[in-house]
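K.L.:
When you get a sec, could you give me coordinates for this:
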Amino acid sequence: MKTTLILSTALTGMAFAASAQEVNVVSWGGAYEMSQVEAYNKPFTAETGIRVNMIAADNPATPLKAQVEAGNVTADVFDVEVSDAIRLCDEGALIEIDHAALPPAPDGTPAVDDFVEGALLDCAVANIVWGTVISFDTTKFDEGAQPQSAADFFNTADFPGKRGLPRNPKRTLYLALIADGVPAADIYDVLGTDEGVERAFAKLDTIKSDVVWWEAGAQPVQLLADGEVTMTTVYNGRIFDAMVAENKPFEVIWDGQYMDMDMFVIPKDAPNMDAALQYLKFATDTQRLADQAKYIAYGPARRSSAELVGLYQDGVTEMAPHMPTSPEALENAVMDNPEFWADHDTELTERFNAWLASS
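P.N.:
Got it, this is the predicted structure:
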């Protein structure tokens, strides 16, 4: 049974009074976590007096599930992917959220009409839209002969060098199909057939010996920086930080972007429940989501935030072209389909792991 908690009274009636409280937030580390610290945590503490403790995890859904199953929940708010939010909610690990209690847009538009499609779930509220994209080291290819597409990622003859890919079927099989000519709109239809699965693995076979597998978000950027790969898939916010903040000679290929959202969830036995509710409300208001875009190239999950997105923290770089929701980025983008993966994740993961182990 799901634990039902009506947050309306809690969220609307709770004063943002200073207190000796704290809230423990589990996120993904790196530049993304830094953006949350600057956009959410510092102003939240300034307004409420509640200290925010950040905890990094390769995938926050993993410690969340482990803590709930052990009956020893030590963190209050977790930043998770959509599919994990749905699964953990169905398993009864999370509280339910009254979306009507979330702050409206500045013009009074209710939150339920302001968040982008799919951003509000029974137990979760989205904060960002992000993408897994292809990036390459510009110093490894002659000017005028640089890769431009997902197909080029698989073309090691014309674009030599090792490739970085995540050890994850969700973000590899789709890319193989895109590179093999399947339109983004048809990916799940094709991948839902035996023939489509065979086609994806056949395409992966063509570069299997050239792949360096990564598992954590910081790894692909480091692989590029160290010269271990010439091209890799990578989270768009991570590579933006390397390109702009660290001045690395990298470029992004938007073709075949895999889009997803991150969501805030609260476990049912969170030790600082009141503070967690305050934090969730504060961190997902219009201004906070717009402010995050000053620090990292992830799109806000609220429509009203878009017009408030301006320059990067350097005061020079326009953020709009670097957003995964820009027109160029959306031309051949695949949006995550939680329902598809709920039905097919187990079988495709088993097949993927068997493929990895084979010679």
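
K.L.:
quick one: contacts for residue 265?
P.N.:
For residue 265, the residues meeting the contact criterion (Cβ atoms under 8 Å, 6 or more residues apart in numbering) are 64, 77, 78, 80, 85, 88, 89, 94, 123, 124. For glycine as for every other residue, the C-beta is placed from the backbone atoms N, C-alpha and C.

K.L.:
now those as a markdown table including neighbour count, pLDDT and distance to residue 113?
P.N.:
Formatted as a markdown table, the contacts of residue 265 follow (neighbours: other Cβ atoms under 10 Å; pLDDT from 0 to 100; distance: Cβ to Cβ, whole Å):
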| residue | neighbour count | pLDDT | distance to residue 113 |
| --- | --- | --- | --- |
| 64 | 26 | 98 | 29 |
| 77 | 24 | 98 | 24 |
| 78 | 32 | 98 | 26 |
| 80 | 27 | 97 | 24 |
| 85 | 27 | 95 | 21 |
| 88 | 22 | 95 | 26 |
| 89 | 20 | 96 | 22 |
| 94 | 28 | 98 | 23 |
| 123 | 24 | 98 | 20 |
| 124 | 27 | 98 | 18 |
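
K.L.:
quick one: which of those sit in helices?
P.N.:
Under the assignment DSSP state H, these contribute 64, 85, 88, 89 to helices.

K.L.:
Could you provide these in a markdown table, with additional columns for distance to residue 199?
P.N.:
Formatted as a markdown table, the ones in helices among the contacts of residue 265 follow (distance: Cβ to Cβ, whole Å):
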| residue | distance to residue 199 |
| --- | --- |
| 64 | 35 |
| 85 | 30 |
| 88 | 32 |
| 89 | 33 |
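
K.L.:
Check this protein for its longest helix and report it.
P.N.:
As assigned by DSSP H, the longest helix anywhere in the chain is helix 338-357.

K.L.:
tell me which residues in that helix are buried?
P.N.:
338, 340, 341, 344, 348, 351, 352 (16 or more other Cβ atoms under 10 Å).

K.L.:
any idea of the mean pLDDT in stretch 216-229?
P.N.:
Across stretch 216-229, the average pLDDT comes to 95.

K.L.:
can I get the CA coordinates of it in PDB?
P.N.:
Coordinates of the C-alpha atoms in stretch 216-229 are reproduced here as PDB (Å, rounded to 0.1, in the frame of the first residue of the first chain):
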ATOM      1  CA  ALA A 216      29.300   7.500 -13.300                       C
ATOM      2  CA  GLY A 217      28.500  11.000 -14.700                       C
ATOM      3  CA  ALA A 218      32.000  12.400 -14.200                       C
ATOM      4  CA  GLN A 219      33.700   9.600 -16.100                       C
ATOM      5  CA  PRO A 220      33.000  10.400 -19.700                       C
ATOM      6  CA  VAL A 221      34.300  14.000 -19.300                       C
ATOM      7  CA  GLN A 222      37.500  12.600 -17.700                       C
ATOM      8  CA  LEU A 223      37.800  10.000 -20.500                       C
ATOM      9  CA  LEU A 224      37.800  12.800 -23.100                       C
ATOM     10  CA  ALA A 225      40.100  15.000 -21.100                       C
ATOM     11  CA  ASP A 226      42.600  12.200 -20.600                       C
ATOM     12  CA  GLY A 227      42.500  11.300 -24.300                       C
ATOM     13  CA  GLU A 228      41.300   7.800 -23.600                       C
ATOM     14  CA  VAL A 229      38.400   8.400 -26.100                       C
END
